[in-house]
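Participant: just to be clear, the model below is a prediction. Sequence and coordinates:
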Amino acid sequence: MSDAPDSLIPYDEIVQEALRAVVGRVLGQVAAGGGMLPGTHHFYITFKTGAPGVDIPQRLRERFPDEMTIVLQNKFWDLRVEADLFSVGLSFNQIPSTLVIPFSAITAFVDPAVDFGLQFQAVVDDEAEPVEPAENDSPEQADKPAVEGADDGSNVVTVDFGKKK
């Protein structure tokens, strides 16, 4: 049995970039609509806090040294979307904060109102220490799979291209 040759075209990177553009387009439509989410839509956005270009308050970086999930639902402000990143105002423990998140740092985007989700392949450092799960998810979300293992007929798209070593 022969292995397929390595591609000289980075298909996995192209697909990842295209799917992250979906997130940008959705957030851009919300921002263009005055920052109001239509209907019951709300978003869970997970991102790598140490990724290049991520700008979050130091207290959040200390609390979430690897990955963090934010919720855009009722109380967010100043949503701004650019070609390669977005920024948003959120309150953490009643302290207003502005977060700047490049689309390349996003590892998951979920809209549970319509059972839609995208999961992105994260660039993993082989020497990184194991990370505990994020502590900022709401308790009601712990019972239902937001993205991983969603074999329940949901509209979750998982992109995972295996790399040959």
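Facilitator: Sure thing, it's come through.
Participant: quick one, strands of the chain?
Facilitator: 43-48, 67-72, 77-81, 85-92, 95-102, 106-111, 116-119, 155-158 (DSSP state E).
Participant: any low-confidence regions in the chain?
Facilitator: Along the chain, the model assigns pLDDT under 70 to residues 1-2, 122-165.
Participant: can you mark which positions in stretch 83-102 are buried?
Facilitator: 85-86, 88, 90, 99, 101-102 (16 or more other Cβ atoms under 10 Å). All C-beta atoms are positioned from the backbone trio N, CA, C, and that covers glycine.
Participant: and stretch 24-37, by the same measure?
Facilitator: In stretch 24-37, counting by 16+ other Cβ under 10 Å, buried: 24, 26-28, 30-31, 35, 37.
Participant: repeat for stretch 105-119
Facilitator: 105-112, 116-119.
Participant: closest one of the buried residues of stretch 83-102 to Glu62?
Facilitator: Leu99 (14.6 Å; Cβ to Cβ).
Participant: now for the top helix by length along the chain, which elements pack on it?
Facilitator: Taking DSSP state H as the criterion, the chain has its longest helix at helix 11-32. Counting contacts by 3 or more Cβ pairs under 8 Å, 6 or more residues apart in numbering; DSSP states H and E, the secondary-structure elements packed against helix 11-32 are strand 43-48, strand 77-81, strand 85-92, strand 106-111, strand 116-119.
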